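Trainee: Here is a sequence together with a model predicted from it:
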Amino acid sequence: MTHHETDPEEELRVLIQKVARRIRAERAGEGISDSQLGVLWRLASEGRCTPGGLATSEKVSAPSMNRTLNALEASGLVQRVPSDDDARKVWVTITPAGDHVIAETRRLRQQWFHAQLEALSPEQRSALEEVRPILRRLADA
């Protein structure tokens, strides 16, 4: 018997991770890495950003972010635009193609999740609904 089978807290943590991983597996865009998708999500939700700001928010080094941005730019999903007021500053913006990847990824994830909920019994749906405030609290911690 493995450790998490005897430890309900560990099993709960592992199950939540597995559900999150399963949702993240639903995605658009051929061969887009997790780090590339993370950058697209941030640009789609918060607007343009500098490469340094993206590196900080995604918790990676500047050279690592540069590689991610090079790949995204080569795929036509982001563009680098020189700043009007500071020649040394570059803004990264999402392109319409990048927006499409995010919209399609969101659609695929909603579709998958909806199908899972539909397959539950009313009692199971109700039980899941009851834990929503608890999950919200954990998500905001």
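Mentor: Received, thanks. This one's a predicted model, so the numbers in the text were calculated from it and none came from an experiment. Numbering: from 1, shown residues only.

Trainee: mind listing the helices in the chain by residue range?
Mentor: For the chain, helices defined by DSSP state H occupy the ranges 3-6, 8-24, 34-46, 51-57, 62-74, 96-118, 122-130, 132-140.

Trainee: Show me which residues of the fifth one are buried.
Mentor: Pointing back at helix 62-74 there. Met65, Thr68, Leu69, Ala71, Leu72 (16 or more other Cβ atoms under 10 Å). C-betas here are computed from N, CA, C, even on glycine.

Trainee: pLDDT and distance to Glu58 for those residues - can I get that in JSON lines?
Mentor: Listed next are those as JSON lines, based on pLDDT from 0 to 100; distance: Cβ to Cβ, whole Å:
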{"residue": "Met65", "pLDDT": "97", "distance to Glu58": "7"}
{"residue": "Thr68", "pLDDT": "97", "distance to Glu58": "8"}
{"residue": "Leu69", "pLDDT": "98", "distance to Glu58": "11"}
{"residue": "Ala71", "pLDDT": "97", "distance to Glu58": "14"}
{"residue": "Leu72", "pLDDT": "98", "distance to Glu58": "12"}
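
Trainee: between the helices of the chain, which one is nearest to Arg80?
Mentor: When the helices of the chain are compared by Cβ to Cβ, helix 62-74 sits nearest Arg80, at 6.4 Å.

Trainee: Now do the closest one against helix 96-118, angle only.
Mentor: Calculated by axes from the mean of the first three to the mean of the last three Cα atoms, to 10 degrees, helix 62-74 forms an angle of 100 degrees with helix 96-118.
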